[in-house]
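K.L.:
test case, fold it:
(one chain, ligands or ions: 1)
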Amino acid sequence: MAGTLSVLYNDGMEAKKLPILNVPRAELLTWLEPFGSPRMRCRQIERWLLIGRAETFEQMSDLPRRLREELAARFEPLGTRIDRHLTASDQTHKLLLRLPDDHLIECVLIQDADRRTACISTQVGCGMGCVFCASGLNGVVRNLTSGEILEQLLRLRNLLAPDQRLTHIVVMGMGEPLANLDNLLTALEIAGSKDGLDIGARHITISTVGLPAKIRRLAELGKQYHLAVSLHAPNDALRSQIVPTNDKTGLPDILAAADYFFERTGRQVTFEYVLLHDVNDRAAQARELARLLQGRQAHVNLIPFNDVEGLSYRRPSQETLVQFTDVLRRAGISVKVRKRKGSEIDAACGQLRRKVEREQTVATVGAGDENRLGLPLV
Ligand code: SAH
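P.N.:
Numbers count the residues shown, from 1 in each chain. Alright, predicted model coming up:
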């Protein structure tokens, strides 16, 4: 439906119906020909999914009955299944979605006053291997298709009341967005369209580990996407320990690409910095970070580490956090500490997937019963 979409998985797919958002538009138009006005039909289906919140073909009431039946026999309106739906007391929702090839991905709805932000994934797992991050602990399995990226937005939006819409997107879920840039851009194009979810590029943030060539490409698109770069350390020696891909790229190239992004787009870049107790949270490191960013129109987002089961990193103390923030502020750098949302539902990305996958393995090995998953379901 959306330009260049293709189905990446082949194992076990023969028996399953094709998710309609993964069908190339030209193919769908051909398939629709016998039903008359294929373009109009295609548009109707899109409208039902993107605007009408339909989750079945049956609900698409302005399509002829026979077409709805044929569609239902051949395609899935949405290819993902909600495997888990967790809700935190602050109205943060986390969905664990099961893909047609049985892999699991996470997406989160974060609500704050009038802001309703979708946090979405771009890959199953992640290949970047940042040492503190749950998503990359077992490497990357595959890229998500654009349909799968878009579906996360639809699934989260469908949780909202009829008069509410998603206002922002942060591409900060599982995976490295710039390693799957084409599929991401296709999905964001639809999300941004007036006939789609109508979420403007200025309200969309793409967070990257820092892939300079891809940052430059993003800068040249002429779009207003907001860029966040995960820095996590003020020098190459420390960064290479925390972010293994830094070995190949290095801070100078990343900062040069970020500067280029700012020049081309006029959009100030955010630098994310996960604070790990006794690793990168000292005052001297804050001073070094301030020097590194001096003279740049930069904004720093400090993220106190969210616990990950099996990892021994810790959050900084409140005192250290205040001290780190003050050093940056005194150096004239704009800085914010990221609010913690939905922590009681494992909102830090990649954790729920790991937990469920582990429990499934235990259940399968132990009793051959995959349904014994003791998570709070909503
Ligand atoms: N691959 C992208 C998106 C990652 S998720 C990137 O590297 O930017 C968005 C942010 O959350 C990143 O800065 C990432 O480093 C951070 N993050 C990952 N795991 C975390 C954890 N356990 N606690 C706090 N921040 C974490």
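K.L.:
please count neighbours and contacts with C-alpha atoms only from this point.
P.N.:
Will do.
K.L.:
what sits up against stretch 89-97?
P.N.:
80-87, 104-111, 156, 341-342, 345, 347, 352-353 (CA atoms under 8 Å, 6 or more residues apart in numbering).
K.L.:
sort out for me which of those residues are in helices.
P.N.:
Among the contacts of stretch 89-97, the residues falling in helices (DSSP state H) are 156, 352, 353.
K.L.:
the residues you listed into TSV, with extra columns for neighbour count?
P.N.:
As requested, the ones in helices among the contacts of stretch 89-97 are exported to TSV (neighbours: other CA atoms under 10 Å):
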residue	neighbour count
156	23
352	24
353	25
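K.L.:
between these, which sits nearest the ligand?
P.N.:
For the ones in helices among the contacts of stretch 89-97, the closest approach to the ligand (CA to the nearest ligand atom) belongs to residue 352, at 12.0 Å.
K.L.:
for whichever residue of the stretch 1-150 of the chain sits closest to the ligand, what are its contacts?
P.N.:
The minimum distance from the stretch 1-150 of the chain to the ligand, using CA to the nearest ligand atom, falls at residue 133 (3.8 Å). Neighbouring residues of residue 133 by CA under 8 Å, 6+ apart: 308, 349, 350.
K.L.:
go with 6 Å
P.N.:
For residue 133, no contacting residues are found, by CA atoms under 6 Å, 6 or more residues apart in numbering.
K.L.:
what distance do you get for it to residue 353?
P.N.:
Counting by CA to CA, to the nearest Å, the gap from residue 133 to residue 353 is 13 Å.
K.L.:
repeat that for residue 48.
P.N.:
According to CA to CA, residue 48 and residue 353 sit 30 Å apart.
K.L.:
can you give me the helices for the stretch 201-350 of the chain?
P.N.:
Taking DSSP state H, counting those that start in this stretch as the criterion, the stretch 201-350 of the chain carries its helices at 212-219, 236-242, 246-249, 251-265, 283-293, 318-330.
K.L.:
and the protein, which residues reach the ligand?
P.N.:
Within the chain, the residues that sit near the ligand (CA under 6 Å from any ligand atom) are 132-133, 172-173, 175-176, 207-209, 229-230, 272, 274, 303-308, 348.
K.L.:
please redo it, this time with the cut-off set to 5 Å
P.N.:
By CA under 5 Å from any ligand atom, the part of the chain that sits against the ligand consists of 133, 172, 176, 207, 208, 209, 230, 305, 306.
K.L.:
per-residue pLDDT, the third one?
P.N.:
So the one you mean is residue 176. pLDDT, residue 176: 98.
K.L.:
any chance of the helices of the stretch 201-350 of the chain in CSV, with mean pLDDT and mean neighbour count too?
P.N.:
CSV is the format used below for the helices of the stretch 201-350 of the chain (pLDDT from 0 to 100; neighbours: other CA atoms under 10 Å):
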stretch, mean pLDDT, mean neighbour count
helix 212-219, 98, 19
helix 236-242, 98, 17
helix 246-249, 96, 15
helix 251-265, 97, 19
helix 283-293, 98, 17
helix 318-330, 97, 16
